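> just the structure for this:
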Amino acid sequence: MMDPFHATVKMVTGEEVLAEVMPTEENGSEFFVLSNPIIISENVQIDQERGIAISGLIPKKWMTYSSDDLSIVNRSHVISMSELDSFGVEFYEKALMVAKATSPIKKKVTTDRNSGFVGKIEALRNKLEKDYKDSHDLPNGPL
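Numbers count the residues shown, from 1 in each chain. The predicted model follows:
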């Protein structure tokens, strides 16, 4: 396993993905673990009145609805990979913040939809108070 590095990865689908990449091999299979992969779309608008083209870059998470920051890509799905220079790494980090902020998946965990949920605090408190009041061996005097 090599140290992770920031790279641009050209996929067989034609997508260009920016990510922190960790080349990995397990059981003779080579793959890449991509951390926080993003893609950059270009939006071009023509201003007919002024006769100019206005271009803007739009960063998005590569897997828009994924709640995980890691993706595994088989080596056979990669055409080319190039390590980012310091300018590229700085651009990636800023674009990653924008991509995460505009993602529809916000990493909010609701307890009643995840394993380990026992109950709501208020309901448990009411049950414990009822059990205490119904108890036959209540202490005498203030608590």
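
> residues touching residue 4, list them.
20, 21, 22, 35 (Cβ atoms under 8 Å, 6 or more residues apart in numbering). C-beta: built from backbone N, CA, C; applies to glycine.

> and it, backbone torsions?
phi -70, psi 150 (degrees, to the nearest 10).

> returning to that earlier point: sort out for me which of the contacts of residue 4 are in strands.
20, 21, 22, 35 (DSSP state E).

> show me the contacts for the third one.
So the one you mean is residue 22. Contacts for residue 22 (Cβ under 8 Å, 6+ apart) come out as 1, 2, 3, 4, 32, 33, 35.

> give the PyMOL command for selecting the buried subset of the ones in strands among the contacts of residue 4.
A single PyMOL command selects the buried members of the ones in strands among the contacts of residue 4 (16 or more other Cβ atoms under 10 Å):
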select buried, resi 20+21+22
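
> and of the ones in strands among the contacts of residue 4, the nearest to residue 73?
residue 21 (8.9 Å; Cβ to Cβ).

> does that closest one touch residue 34 like I think?
Yes - contact criterion Cβ atoms under 8 Å: residue 21 and residue 34 qualify, at 5.9 Å.

> and for these two, which residues touch both?
residue 9.

> check the gap between residue 66 and residue 99 for me.
12 Å (Cβ to Cβ, to the nearest Å).

> quick one, which of those two is more surrounded?
Using other Cβ atoms under 10 Å as the criterion, residue 66 and residue 99 rank with residue 99 on top: 22 against 13.

> hang on, isn't that one packed against residue 38?
Yes - using Cβ under 8 Å, residue 99 is in contact with residue 38, at 4.6 Å.

> what comes up buried for stretch 66-82?
Going by neighbour count (16+ other Cβ under 10 Å), the buried part of stretch 66-82 is 69, 71, 73, 78, 81.
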